[in-house]
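In: Got a predicted structure plus its sequence, pasted below:
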Amino acid sequence: MASLVRYVIRRVLFMIPVFLGVAILTFFVGNAAGNPIDLIRAGLRNPSPAVLKALQAYYHLDQPVWLRFLYWLWDLIHGNLGVSISGRPVLSQIGPWTFTTLELQVLSLVLAVAIGIPIGVFSAKHQYSKVDYTITTVAIFGYSMPTFWLGIMLIIVFSFYLGWFPSNGAVSVSYPWWGSWVLDPIAHLILPTAVLTYVSLATIVRLVRANMLEVLRQDYILAARASGLSERTVTYRYALRNAISPVVTIIGLGFGAALAGAPALETTFSWPGLGYAFTQAALALDIPLVQGITIVITIMVLVANLVTDLVYAVVDPRVTVQ
Amino acid sequence: MDGKLLQISNLRTYFFTEAGVVKALDGMSMEVNKGETVGLVGESGSGKSVTAQSVLRIVPRPGRIVGGSVKFEGQELLTKKEDEMRKLRGPKMAIVFQDPTTSLNPLYTVEKQLTDILMLHRGLSREDASKQALHLLDRVGIQDSERRLKAYPHELSGGMKQRIAVARALSCDPVLLFADEPTTNLDVTIQAQVLELLKQLQNDLNMTMVMITHDMGIIADMTERVTVLYAGKVMEVAATPTLFKSPKHPYTEALLKAVPTVKQTRALEVIPGNIPNLIEPPTGCVFHPRCKYAKDVCVKKEPELEKVAEGHYAACHFWRELELEGKGH
Amino acid sequence: MAWRRFRRNKSGLIGGAIVIFFILVALAGPYLVAYPPRSYESLYEGDAGDPPSFKHPFGVEISGIDVFSETVDSTRNDLYVGLAATLITTLIGVAIGALAGYFKGAVSDILLGVTQMFFVIPVLLLILLFARVFSILVFKGLGLTLIVLILSFFGWSGIAFIVRGETLRLKEMEFVQAARSLGARPFRLLFRHIVPNILSPVIVIATLDIAGFILTEVVVSFLGFGDPNTSTWGLLLNEGFPYVRTTWWVALFPGLAVVFCVLGFNLMGDGLSDALNPRLRE
């Protein structure tokens, strides 16, 4: 138990320089795009000198860059994510966006894991069978395609051609899908979730299968069978338990990557989440917003990593010893 | 039942791989009487481990038993249902595997691995199973057993892990124990300890043991009768002293020559060549490519296991003619 | 010997065949297409927005760009991004990984830490940010090479990890100890003994990386952060997406090209992995 706690602390300590690293990269590159005044001026069209002065003071533009960075960081730590060039504070918008992104990501991840692990196990146990080949082929296509492109294809078929599901937004504006405001968000979730789940599934199935095959070859599985343990016990409590640790890592990292990869999928579905907001902000050179979103996503990714590390350590205690 | 605990007849176990069909066991026969310690000797790849796996019917994919008969306590095992086999594995027969580092599950404590088996076969509660597991550790000579019980395999030394593997195999008091190269991966000093342990336990529990090894020294030390296996076929069967004094198969002679004795003055003779490709084994006698006595007939015709004397069999066309050298003990 | 094993692996061969096909298309590109890159000629021919036909096998964009020509031209550019980024990241990754694995102490720890950092961060966001900012700033004439550089800057940590792991493992092996006992100096050890032995996993990862970088490029260009003057599959998807309701072929065909190209590299990588990994033989 003690080694577990120490391990977690070590991981947290590691996350701090990582966070700082991202903050530095984000700030300095963003800053290189041009100082906020110019950007705002471009956005607001002739703001009055008073406003300009206030903005100048707000962004500490008279100070050297590294000092501005520290001011920004200080604000950050106190929860102030700055003001977008549109005038609205970043923080207030982040909430709804985060929820919308997580809605999609978490649902897809849960489905992908729940469906993917059993399929992977099944595929490994029936290696070389026709079913195994089919599963492997479908999986390989899954992680060979751009997620958003699959989204576009599904939109063409199911939205434009068949009209079964909506193709944009998280909720409808005037008329609810399927005639109900309760069902409406679900209708909107279906296509993007299907896409994301399938692609995540593909990776998970492949990984679980590969690891299970590796583990099933091991002596201790043979020994477990030799001791008369049931097939179910051997498969799940012995084999899967051993195979799952790298899968846990990949799931955790994949979640982090998915969060970061949200832009393309969300853009395709006009899904008003963090990814979509980031893309629009970056295109418009709304640097404060871009920085704010990056920081928020980074924090979520780091937390996801931490949780993954924790779960991994619980599953495989060997890692805490190093 | 007529005293024969295990009767293997003409067992064939093949592995269906992408490269071809590997005939790991191709007509192997062996008998084990109750209370005996029988040796199964041969080089790596001769099919020794596969034999044990076949008896317990846990041959891993892509392997499969394709023919023959395995009778245990008079019952045919190859026709039993999987459920029935599972009831035998542990309480009736068990295997001690070669490498304790890989044969113990790295993610579970010793306690868990032992109690899983005890709870399954003996129907014990978790506490009772733990107590029994502790008792098992004591019996295999592990000091400080309480701490070791809660440990993970990677926290233990090789010798200790193998003792635990022995404890696991014996946890349900099996009638038949296969010891598959139990000391090959251990230090020499630990080897002796583990062998001693096995001998002692066998005595205490009146267990029948099949000692699988490539080490003729262990054969001499531990076994009463020996079966010599090569490329999935039986070359010779004899009582251990007889095998050493007067072997009747060239392969046995070669194996004996490769073992040094205290009075060794001559250079050790290495058996030339490698074990044959089991996908396309040699024609005729499977040993002929490496046999220094091989003649034409050896290439064409496969020798049958012929009776040399009571309890002594050899599969060689020329066992009568050849004057083979043994080790006078 | 490993080549024989690879030959037996059906899917690996299919992957290899696909890759060769795309390389040939890339090389032969200019001779296969009817229209020069980024040309709106079809607009003047009155074919703008036409569905696939004999004249325009993949159809025409609303703007008059012939999709088939563009898809073929993009092959060259996408392969460039994939191969170039992989080459650079492999070099960086192997260097850093080997150093981190071979040496002990502060240097190794720092390298490990940096590698972990680059591995954990949300790379796509930073890639997009960098691409957006740098494209307006300094590197105007670079085109896709800018993307290559940015992808390389963020993409080396995977290889570095594997190489570090392998180096650690090999370092303890006897042949290295033997060389050391004969007086070999660290860099000689690294390059003559250790690196050749890590080639197998590195080749596998590099192949899979090509697939990954192409996918990333597609995303970057699709979102509008790529080079608007160079034909890439992502750019085509970007142009086609707003009009996908009517000119759906603009989204379909370039996408299929991506899928099969990436599939090819993935299959080949898997095949190589099977072939190069020593398996236990009975």
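Out: Ah, there it is.
In: so where's the stretch 51-200 of chain C shaky on pLDDT?
Out: Low-confidence segments of the stretch 51-200 of chain C, defined by pLDDT under 70: C:137-141, C:174, C:176, C:184, C:186-192, C:195.
In: Please enumerate the helices of it.
Out: Secondary structure of the stretch 51-200 of chain C (DSSP state H, counting those that start in this stretch): helices at C:67-102, C:106-120, C:123-136, C:144-154, C:157-171, C:174-181, C:186-188, C:195-222.
In: Rebuild those as a markdown table, extending it with distance to residue A:150 and mean neighbour count.
Out: For every residue, glycine as well, the C-beta is placed using N, CA and C. Formatted as a markdown table, the helices of the stretch 51-200 of chain C follow (distance: least, CB to CB, whole Å; neighbours: other CB atoms under 10 Å in any protein chain shown):
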| stretch | distance to residue A:150 | mean neighbour count |
| --- | --- | --- |
| helix C:67-102 | 18 | 23 |
| helix C:106-120 | 26 | 16 |
| helix C:123-136 | 17 | 22 |
| helix C:144-154 | 22 | 21 |
| helix C:157-171 | 24 | 21 |
| helix C:174-181 | 47 | 12 |
| helix C:186-188 | 47 | 10 |
| helix C:195-222 | 12 | 22 |
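In: The helix or strand hosting residue A:191 - what's its average pLDDT?
Out: Using DSSP states H and E, residue A:191 maps to helix A:183-216. In this model, helix A:183-216 has an average pLDDT of 88.
In: Which positions in chain B make contact with chain A?
Out: By the rule CB under 8 Å from any CB of the partner chain, the part of chain B lying against chain A is B:53, B:56, B:58, B:60-62, B:82, B:86-91, B:94-95, B:97-99, B:102-107, B:116-117, B:120-121, B:152, B:154, B:165, B:168-169, B:171-172.
In: re the thing from before, would you mark the buried spots in the helix holding residue A:191?
Out: A:184-185, A:187-189, A:191-213, A:215-216 (16 or more other CB atoms under 10 Å in any protein chain shown).
In: Within reach of chain B, which of the residues you listed are there?
Out: The residues of the buried residues of helix A:183-216 that also fall near chain B, by CB under 8 Å from any CB, are residue A:216.
In: which residues of the stretch 51-200 of chain B fall in helices?
Out: Under DSSP H, counting those that start in this stretch, the stretch 51-200 of chain B gives helices at B:82-88, B:100-103, B:110-122, B:126-139, B:145-149, B:158-170, B:188-205.
In: Not counting its own residues, what contacts stretch B:15-23?
Out: Stretch B:15-23 is contacted from outside by B:12, B:14, B:24, B:62-64, B:232, B:278-281, C:8, C:282, using CB atoms under 8 Å, 6 or more residues apart in numbering or on different chains.
In: Selecting buried members of these in ChimeraX, what would you type?
Out: Entered in ChimeraX, the line below selects the buried ones among the contacts of stretch B:15-23, by 16+ other CB under 10 Å:
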select /B:12,14,24,63,232,278,281 /C:282
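In: Adding pLDDT and secondary structure as columns, could you present the contacts of stretch B:15-23 in CSV?
Out: Output for the contacts of stretch B:15-23, formatted as CSV (pLDDT from 0 to 100; DSSP: H, G, I helix; E, B strand; the rest coil):
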residue, pLDDT, secondary structure
B:12, 92, strand
B:14, 91, strand
B:24, 89, strand
B:62, 82, coil
B:63, 86, strand
B:64, 88, strand
B:232, 87, coil
B:278, 82, coil
B:279, 83, coil
B:280, 84, coil
B:281, 85, coil
C:8, 66, helix
C:282, 30, coil
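In: Residue A:162: which of the contacts of stretch B:15-23 is nearest?
Out: In terms of CB to CB, no member of those lies closer to residue A:162 than residue C:8, at 43.5 Å.
In: Over to whichever residue of the stretch 1-150 of chain A sits closest to chain B. Which of the three states is it?
Out: For the stretch 1-150 of chain A and chain B, the shortest gap (CB to the nearest CB) falls at residue A:127, measuring 7.1 Å. Look at residue A:127: counting by DSSP: H, G, I helix; E, B strand; the rest coil, its state is coil.
In: Nearest the geometric middle of chain B, what residue?
Out: Central residue of chain B (CA atoms, centre = their mean): residue B:212, 2.5 Å from the mean position.
In: And for chain A?
Out: residue A:259 (1.7 Å).
In: Which residue comes closest to residue A:306 once chain neighbours are left out?
Out: Using CB to CB, 6 or more residues apart in numbering or on different chains and skipping the chain neighbours, the partner closest in space to residue A:306 is residue A:11 (5.8 Å).
In: in what helix or strand does the one you found lie?
Out: Residue-wise, residue A:11 maps onto helix A:2-32 under DSSP H and E.
In: how close does the residue sitting furthest away from the middle of chain B get to chain C?
Out: Centroid-distance maximum for chain B: residue B:127 at 34.0 Å, with CA atoms, centre = their mean. Plainly put, residue B:127 is 40 Å away from chain C if you go by CB to the nearest CB, to the nearest Å.
In: OK, contacts around that residue?
Out: Counting by CB under 8 Å, 6+ apart, residue B:127 touches no other residue.
In: Just the pLDDT for it.
Out: 88.
In: give me every residue that touches the residue nearest to residue B:273 when sequence neighbours are not counted.
Out: Spatial nearest neighbour of residue B:273, excluding adjacent residues (CB to CB, 6+ apart): residue B:290 at 4.1 Å. Listed by CB under 8 Å, 6+ apart, the contact partners of residue B:290 are B:254, B:271-273.
In: For residue 300, grab the count of nearby residues.
Out: Using chain A. 20 (other CB atoms under 10 Å in any protein chain shown).
In: think we crossed wires, I meant chain B
Out: Residue B:300, neighbours per other CB under 10 Å, totals 11.
In: Tell me the buried residues in stretch B:98-117?
Out: B:98-105, B:107-117.
In: My guess is the residue of the stretch 1-150 of chain A closest to chain B contacts residue B:60. True?
Out: No: the criterion here is CB atoms under 8 Å, and residue A:127 misses it with residue B:60 at 11.4 Å.
In: hey, what's in contact with both of the two?
Out: With contacts taken as CB under 8 Å, 6+ apart, residue A:127 and residue B:60 have no neighbour in common.
In: ok, now which ones touch the residue nearest to residue A:306?
Out: Residue A:11 neighbours (CB under 8 Å, 6+ apart): A:305-306, A:309-310.
In: pLDDT, neighbour count and secondary structure added to the residues you listed, as CSV?
Out: Output for these, formatted as CSV (pLDDT from 0 to 100; neighbours: other CB atoms under 10 Å in any protein chain shown; DSSP: H, G, I helix; E, B strand; the rest coil):
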residue, pLDDT, neighbour count, secondary structure
A:305, 83, 23, helix
A:306, 85, 16, helix
A:309, 82, 22, helix
A:310, 83, 16, helix
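In: No further questions, thank you.
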